[in-house]
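>>> sequence plus the predicted model coming up.
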Amino acid sequence: MLRGGVIGFGRMGLTHFSILNNHPEVKFVAVCDSSSFMLKNIGKYTGIDTFKDYHKMIDRSGLDFVIVATPTGMHAEIVKYAIQSNLHIFVEKPFALNVRQGEELVEMLKGKKLVNQIGYVIRFNDVFIQVKKLLDAGVLGDLLTFKMEMYGPTLLKDAKSGWRSKKQEGGGCLYDFASHSIDLINYLIGVPDEICGSVLQSIHSANVEDAICSTFLYKNNLRGNLLVNWSDPSYRKPAYRMEIFGRKGKIIADLHSYKVFFRNESGFDGFTQGWNERYITDFVEPVRFYVRGFEFTRQLDCFIDCIINETPSKKCSFEEGLKTDMMIERIIEDAGKRRAGNG
Amino acid sequence: MDRIIFGDNQFFGINHMSEEKAQAQAECFKDIKAIIKVIDTAYECGIHAFMFNTHDRVAELCDHFRANPEKYSALRLYPSMPYAHKYANVVNEKGMIGALNDFLFTGRTAGEALTTLIRGGRGIFNRDMIEVMKLLVDAEMRMFKGLNVRAIFLQNIVTDLLLGIGAKQVFVEFADHVRKTYGVDPAFNTMNMPKLVEFLLGCGIENPIVCSSINKIGYLMNPDKVSYEETIRTQPFRPMAMSIFASGAVAPREAIEYVANQKNIKSIVFGASSKAHIEETKRIIEKCG
């Protein structure tokens, strides 16, 4: 039985706790949060130990792993302490506030057999799992262009309170929202050789950006565009749309369905020339326990499997997440150049 | 228990299979009159039971029902609460606790805030989770005042979060509160029906109403279809089936036959937008028994 603890008991901390709490190989023994309301009630209704100080929680609870779901600004110091304490770590996305912090943590992990994973949950979405398989099989031939779009109604007025409006705590559309789609590009296409044309745009927020566009260039004649807006009230919830165009055809995917267009006969089982549409109902498998989406369970079960089987992190290790952080930082740098150029 | 209950997902852009379809549906129902038209079509074809999320649009619908008491004299409602997306944006800004505090104690109309204040003027921070749950149920139930409510559902995200946490006491107190204050049965939406039924029976909640996806292809049936079928066959509870068409992946007749063959299923919840679909579905359900 693996003994686990959660640090940061907000919406994500609660979700992770709920999903893993009835995993047959997991026993949660401690929770840490800054809110007395949360701690009091969790203590009362689950009988679990509660802490306000994560150092104490880690020192006293005899943990095997820890889930870190605090605001991004706190990730680095907590993860550092968890590595020093030899714990397996699952940390919410994005990894850290800057690349230097992330590099230090990846360096600290070297030589240690600790499972480490970042909560880029869309990698575990069933549609994007299929898209990854198709791309790995080379169905599109040489890739030429892609477009990653992400829209949502996350912030519809200037949020003055809370960490999401504070850059130094990891707020803003780029870190908090767009990081998912940037990570998808990292996962499905790879890290670009050049990033240009980046614009960070404020719509409602005084201190952070609400919309982003950027162009990614790759050495092999591939280019892609990123378009993100978290202040779009026409969406009910965050929506992803990815279009990938190659010499042999094209894929269009969102969280629930995808379609593939083949220029000629595909040569792949079940796919024919022209459009091939697939819905999530065609291929999704149920999960052990479902809260808020299949992918949330799949990502945590992957983390726990790696610990039990003593295998390295499979899908979204710190090293992988660091690449995404690097891409984020390069977008900021690129957007800064443009501002500086404009005087 | 009504055999046929009309659901409302199609009105609010909820479609588990396709974002595009969901968006298109939401566009169709921009005007509340378009929603009322579909409700009336269902009502006129003899479906008098409706399951509603506590969406702001549903509050408008309830005003319409109250304004036309004779027309809707046979109406029976099964509210499901809370409608999570209503809170999502405030949660993004202020965190979960901040959002609850806002919803229950500030930023509302003076009259509503006053009713809440009578229960003691403290904010959420010094309160007990169960007290907050009861306040939340009462706040959500206000929109249904004066209407014929038959059962009150806990929406699936909340049900499943609490189930995962194992917060027995919260389920027990929810059931008690709903029975005592509204005189109706507590009910639960879930994506993990077998586990929930076992848990509720373990909490001492007898013969619970549990609504979950039940369809021929096993879509949204966790951990698997076989456990669902066995639970329906062997456990003392009142199963309600939703997503019977698996968002359109199963043909109507095949879908309904699958559900009807599981004799213990008490109710079927379905949503549709056209008269032809509503009538056809109702006809097949009645034919299959």
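That came through, no problem.

>>> list the residues that contact A:V127.
By C-beta atoms under 8 Å, 6 or more residues apart in numbering or on different chains, the contact list for A:V127 reads A:A253, A:D254, A:L255, A:H256, A:S257, A:Y258, A:I280. To be clear about C-beta, it is placed using only N, CA and C from the backbone, and glycine gets the same treatment.

>>> right, and B:T54 touches B:Y83 too?
Yes. Using C-beta atoms under 8 Å, B:T54 is in contact with B:Y83, at 4.7 Å.

>>> the more surrounded of the two?
When B:T54 and B:Y83 are compared on other C-beta atoms under 10 Å in any protein chain shown, the one with more neighbours turns out to be B:T54, at 24 against 21.

>>> ramachandran angles for the more buried one?
Backbone torsions for B:T54, taken as degrees, to the nearest 10, come to phi -90, psi 50.

>>> would you mind giving me the confidence score for it?
B:T54 carries a pLDDT value of 91.

>>> what's the distance between it and chain A?
Look at B:T54 and chain A: by C-beta to the nearest C-beta, to the nearest Å, they are 15 Å apart.

>>> now swap in B:I284 and tell me
20 Å.

>>> quick check: phi and psi on the residue lying closest to that residue once chain neighbours are set aside?
Setting aside the residues directly before and after it, B:I284 is nearest to B:I256 in space (C-beta to C-beta, 6 or more residues apart in numbering or on different chains), at 4.7 Å. With angles defined as degrees, to the nearest 10, B:I256 sits at phi -70, psi -40.

>>> B:G166 now?
phi 80, psi 30.

>>> tabulate the contacts of A:V127 (CSV), appending neighbour count, secondary structure and pLDDT.
What follows is these, written out as CSV (neighbours: other C-beta atoms under 10 Å in any protein chain shown; DSSP: H, G, I helix; E, B strand; the rest coil; pLDDT from 0 to 100):
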residue, neighbour count, secondary structure, pLDDT
A:A253, 23, strand, 97
A:D254, 19, coil, 95
A:L255, 20, coil, 94
A:H256, 23, coil, 92
A:S257, 19, strand, 93
A:Y258, 22, strand, 96
A:I280, 24, helix, 92
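
>>> and the nearest residue to A:D49 once chain neighbours are set aside, how many neighbours?
Counting by C-beta to C-beta, 6+ apart, the nearest residue to A:D49 once its immediate chain neighbours are dropped is A:A30, at 4.6 Å. By the criterion of other C-beta under 10 Å, A:A30 has 22 neighbours.

>>> element containing A:A30?
Applying DSSP states H and E as the criterion places A:A30 in strand A:26-32.

>>> what lines up beside that strand in the sheet?
Within its sheet, and counting by DSSP bridges, strand A:26-32 is paired with strand A:2-7 (parallel), strand A:49-51 (parallel).

>>> I'd like to know which elements the helix or strand of chain A with the lowest mean pLDDT is packed against.
Each helix and strand of chain A was given a mean pLDDT (mean pLDDT, DSSP states H and E); the minimum falls on helix A:36-46 at a mean of 88. Packing partners of helix A:36-46 (3 or more C-beta pairs under 8 Å, 6 or more residues apart in numbering or on different chains; DSSP states H and E): strand A:49-51, helix B:129-141, helix B:156-165, helix B:168-182.

>>> out of those, nearest to B:F6?
Checking the helices and strands packed on helix A:36-46 against B:F6 by C-beta to C-beta gives helix B:156-165 as the closest, at 18.2 Å.

>>> for chain A, which residues score under the pLDDT cut-off?
Low-confidence segments of chain A (pLDDT under 70): A:159-163, A:339-343.

>>> strands of that one, start to end?
In chain A, the segments counted as strands under DSSP state E are A:2-7, A:26-32, A:49-51, A:65-68, A:88-91, A:116-118, A:143-151, A:194-201, A:211-218, A:222-229, A:239-246, A:249-253, A:257-262, A:274-279.

>>> out of those strands, which one sits most buried?
Compared across the strands of chain A, strand A:116-118 shows the largest average neighbour count, a mean of 28 (mean count of other C-beta atoms under 10 Å in any protein chain shown).

>>> let me see the domain layout of chain B.
Per automatic domain parsing, the structural domains of chain B span B:1-29+B:42-47+B:67-79+B:149-289, B:84-148.

>>> any idea which of those scores lowest on pLDDT?
domain B:84-148 (a mean of 70).
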